[in-house]
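Undergrad: Sequence and predicted structure below; questions after.
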Amino acid sequence: LSLHDGLPMWYLWGDRVQASYNEDEVKKSAIERILKHIDENYLQEDVILLKEFMQFYYQGMSAEDLNNRDVHSLYGALVSHWQLFCGRKPQEYAIKVFNPDFEDHGWQASRTVIEIAIDNMPFVLSSLRILLTRFDYDIYLIVGVPEILVARNKNNKVTSISSKKIKSNTKANEETVVYI
């Protein structure tokens, strides 16, 4: 079989069939599915910023993790975290721990979810991993987006997101989001 729409190519090794795929293509396909879902379902005025946030949010996630989750769950996790991220004020810790289900949240996860939005600090991911391990919690997935440069207006509304230097006349704050 050939690579088609991010599906694996199959190879025959002796008496075994081995799946192989181009990780970049699979990841690109998953990102395109999420973008399409955003276009069809997200009706807020900040849709362009959400799409930019999504690029950072899922950038570090493996193609396998993206491909193993349905688009509704990926979209739901993204929008939920976006709302937490947008609602926080600089120097404020925004932490949400919950068990998402379709009835209450419009998406679901089979495990408890922790969403964090904070000002950037060194070793955030490592510290969280150590803390949860110390309390004997299993970690199935961590999505960490450190060092996002975020500009907010005087009403605290997000006006731009970047991983690079924003124009010097724009005041930006380094922020971090973590999904566990």
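TA: Sure, I can see it. Numbering: from 1, shown residues only.
Undergrad: CA only for contacts and neighbour counts going forward, please
TA: OK.
Undergrad: Now do the contacts for the most centrally placed residue in the chain.
TA: Nearest to the mean C-alpha position of the chain, by C-alpha atoms, centre = their mean, lies Y57 at 3.2 Å. Contact analysis of Y57 by C-alpha atoms under 8 Å, 6 or more residues apart in numbering lists 78, 143-145.
Undergrad: Any figure for the gap between it and F135?
TA: Separation of Y57 from F135 (C-alpha to C-alpha, to the nearest Å) stands at 26 Å.
Undergrad: can you list the residues that contact the lengthiest helix in the chain?
TA: Counting residues, the longest helix in the chain under DSSP state H turns out to be helix 23-41. Residues from elsewhere that reach helix 23-41 (C-alpha under 8 Å, 6+ apart): 5-7, 47, 51, 55, 58, 62-64, 66-67, 71, 74-75.
Undergrad: Please apply the same query to stretch 83-90.
TA: By C-alpha under 8 Å, 6+ apart, stretch 83-90 touches 94-96, 115-119, 156-158, 173, 177.
Undergrad: Tell me which two of those residues sit farthest apart.
TA: Across the contacts of stretch 83-90, the longest distance by C-alpha to C-alpha is 21.2 Å; it joins K96 and N173.
Undergrad: Of these two, which one has the most company?
TA: Neighbour count, other C-alpha atoms under 10 Å: between K96 and N173, N173 has more, with 17 against 14.
Undergrad: what kind of secondary structure is that one in?
TA: Using DSSP: H, G, I helix; E, B strand; the rest coil, the structure places N173 in strand.
Undergrad: Next: I148.
TA: Of the three states, I148 takes strand according to three-state DSSP.
Undergrad: Surely it touches S163?
TA: Yes - contact status for I148 versus S163: in contact at 5.3 Å, counting by C-alpha atoms under 8 Å.
Undergrad: When these two are compared, which one has more neighbours?
TA: Set I148 next to S163 and count neighbours by other C-alpha under 10 Å: I148 wins out with 22 against 13.
Undergrad: before we move on, the earlier item: now the contacts of helix 23-41: which count as buried?
TA: 6-7, 51, 58, 63, 66-67, 71, 74-75 (16 or more other C-alpha atoms under 10 Å).
Undergrad: Pull the most distant pair out of those residues.
TA: Greatest spacing in these, by C-alpha to C-alpha: L7 and K51 (24.0 Å).
Undergrad: Which is the succeeding secondary structure element to the strand or helix carrying L84?
TA: Taking DSSP states H and E as the definition, L84 sits inside helix 71-87. Going down the chain from helix 71-87, the next helix or strand is strand 94-98, by DSSP H and E.
Undergrad: In its sheet, which strands sit next to that next one, and in what direction?
TA: Applying DSSP bridges, strand 94-98 is found paired with strand 113-119 (antiparallel).
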